[in-house]
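K.L.:
can't give you the sequence, but here's the structure:
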């Protein structure tokens, strides 16, 4: 992803997936300075659960490359609540009724700005970080939801491990 500044075209960086036909302009990314987080969770009908909020460590802008993840994000409660409200609007707007979700959000001025909504599990080994830090396996919770299990009853209450350092290469 490339953060855009007003009046700048992304054609040289758009690539075929974003640019479409030859000569067509690429998608514009709006600037969103500030900390980056993602929200991981799952949906089963009316049961929507955030299991983790992850801080994203980013490389230098304007090229937004994730170089690390910190979980839990450690947001102040007001910011966490604002991120949760943003996540609620995203899930409702996408009409997700079953499965995992992953929403990328930036916090310019401390307020959430949606960068990328996602119906599905996160990448970059974030599913494993969720399991290590919360004890929750997103794939297991989604499978349990699909077969009608009571998710509140099977929700783990403690992390699987308390690692001092987790690195994925």
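P.N.:
Structure's in. What do you need? What you see is a predicted model; the values in this text were computed from it and never measured.

K.L.:
And the strands in this protein?
P.N.:
Along the chain, counting by DSSP state E, strands occupy 36-44, 47-58, 66-70, 98-106, 113-116.

K.L.:
In CSV: these, plus distance to residue 144.
P.N.:
Bear in mind the C-beta positions are built from the backbone N, C-alpha and C, glycine included. CSV is the format used below for the strands of the chain (distance: least, C-beta to C-beta, whole Å):
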stretch, distance to residue 144
strand 36-44, 8
strand 47-58, 11
strand 66-70, 25
strand 98-106, 11
strand 113-116, 26
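
K.L.:
Go through the ones you listed and pick out the most buried.
P.N.:
Burial of these is given as mean neighbour count (mean count of other C-beta atoms under 10 Å); strand 36-44 ranks first at a mean of 23.

K.L.:
chain center to that one: distance?
P.N.:
In terms of C-alpha atoms, centre = their mean, to the nearest Å, the centre of strand 36-44 is found 5 Å from the chain centre.

K.L.:
how much space between residue 65 and residue 143?
P.N.:
32 Å (C-beta to C-beta, to the nearest Å).

K.L.:
actually residue 154, not the one I wrote
P.N.:
Separation of residue 154 from residue 143 (C-beta to C-beta): 11 Å.

K.L.:
can you check residue 47 too?
P.N.:
Residue 47 is 15 Å from residue 143, by C-beta to C-beta.

K.L.:
And for residue 57?
P.N.:
From residue 57 to residue 143 the distance is 31 Å (C-beta to C-beta).

K.L.:
One more: residue 134?
P.N.:
Residue 134 is 17 Å from residue 143, by C-beta to C-beta.

K.L.:
more neighbours, the two?
P.N.:
A count of neighbours by other C-beta atoms under 10 Å puts residue 134 above the other of residue 134 and residue 143, at 20 against 11.

K.L.:
So that one sits against residue 51, correct?
P.N.:
Yes. When contacts are counted by C-beta atoms under 8 Å, residue 134 is listed as touching residue 51 (5.6 Å).
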